[in-house]
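> what follows is a protein structure lacking sequence information:
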Ligand code: SF4
């Protein structure tokens, strides 16, 4: 028997497609530190970024961070040998966005150069071996997927591993903050998945200060991170996007967001109002 006259084959295809999608199992939720951090800052901010695809305008600090990270990635992946190679990579990948004028561009560009000069010296003196740069991890944790990118993993002389994350912001964190920081715990979990053994040392390199602060994690810290992941996943599943307006004064979306209690724009750290 042929197709009934009142249903064209294109309509039948649409109906088939609808039913296939209706019963297709949903892919597991993916979480990263950035997603958890956005949700913890303000659930509505999470929705704006990850559900609605809104983007914050580029800022000099973001451009500097991207440029320095990219330069270090290029330098190590291309087996760069000297400082000239590193600065040449920096010049090549420089993100020229978000600056108010050429003077500000130059000021930030030179900041990045100083960071890389100090980094090069620090890296030369290390006895470790770099085993991975910008290493992506993505694996199931319970019923969700954990993903992230680790800036650098080193193998230490005693055959243990160190996770290194670069920070380009001016703010310096203290030991207590780093000892309880969720991002580095998640990277430790990621590193364990990549290297098949947990890292012995976890370090933040504050490039603007040429200072490295290290910490370590135990199973108790991992368990805390798993609970945090499960908690955020549960709230996201329930579509709990309640705005946290106490955060509006520090939010990049305060000029765009319908719930914002602070509508003044801030560009390059200066209020426009
Ligand atoms: S402006 Fe306020 S309510 Fe809106 S996303 Fe930012 S913190 Fe949340």
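That came through fine. Just so we're clear, the structure is a prediction, and the values are computed from it rather than from any experiment.
> give me the neighbour count for residue 231.
Residues contacting residue 231 under the criterion other C-beta atoms under 10 Å number 13. Every residue, glycine included, has its C-beta placed from N, CA and C.
> can you map out the strands along the chain?
In the chain, the segments counted as strands under DSSP state E are 29-31, 129-141, 144-155, 161-167, 201-206, 211-215, 266-267, 270-271.
> tell me the contacts of residue 142?
With contact set as C-beta atoms under 8 Å, 6 or more residues apart in numbering, residue 142 has these partners: 226, 229, 230.
> hmm, try it at 10 Å
28, 226, 229, 230, 233 (C-beta atoms under 10 Å, 6 or more residues apart in numbering).
> nearest to the ligand, of those residues?
Of all the contacts of residue 142, the ligand sits closest to residue 233, with 20.0 Å by C-beta to the nearest ligand atom.
> how close does the closest residue to residue 51 other than its chain neighbours sit to residue 229?
Excluding its sequence neighbours, the residue lying closest to residue 51 (C-beta to C-beta, 6 or more residues apart in numbering) is residue 241, at 7.9 Å. Between residue 241 and residue 229 the computed distance is 18 Å (C-beta to C-beta, to the nearest Å).
> residue 34 now?
Here the criterion is C-beta to C-beta. By it, residue 34 lies 13 Å from residue 229.
> more neighbours, these two?
Neighbour tally, residue 34 and residue 229, criterion other C-beta under 10 Å: the higher count belongs to residue 229, 21 against 15.
> verify the contact between the more buried one and residue 40 for me.
No - with contact defined as C-beta atoms under 10 Å, residue 229 and residue 40 do not form a contacting pair (11.6 Å).
> name the residues contacting each of the two.
Overlap of the contact sets of residue 229 and residue 40 (by C-beta under 10 Å, 6+ apart) consists of residue 182.
> what's the closest of the strands of the chain to the ligand?
Checking these against the ligand by C-beta to the nearest ligand atom gives strand 266-267 as the closest, at 12.0 Å.
> please name the bridge partners of residue 201.
Per DSSP bridges, the residues bridged to residue 201 are residue 162.
> what about the helices in this protein?
With DSSP state H applied, the chain shows helices at 9-23, 33-41, 43-46, 60-77, 83-93, 102-125, 175-179, 182-195, 219-237, listed in chain order.
> and these as JSON lines, adding mean pLDDT and distance to residue 158?
Written out in JSON lines, the entries for the helices of the chain read as follows (pLDDT from 0 to 100; distance: least, C-beta to C-beta, whole Å):
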{"stretch": "helix 9-23", "mean pLDDT": "71", "distance to residue 158": "53"}
{"stretch": "helix 33-41", "mean pLDDT": "97", "distance to residue 158": "28"}
{"stretch": "helix 43-46", "mean pLDDT": "98", "distance to residue 158": "41"}
{"stretch": "helix 60-77", "mean pLDDT": "97", "distance to residue 158": "22"}
{"stretch": "helix 83-93", "mean pLDDT": "98", "distance to residue 158": "28"}
{"stretch": "helix 102-125", "mean pLDDT": "98", "distance to residue 158": "18"}
{"stretch": "helix 175-179", "mean pLDDT": "98", "distance to residue 158": "22"}
{"stretch": "helix 182-195", "mean pLDDT": "98", "distance to residue 158": "14"}
{"stretch": "helix 219-237", "mean pLDDT": "96", "distance to residue 158": "21"}
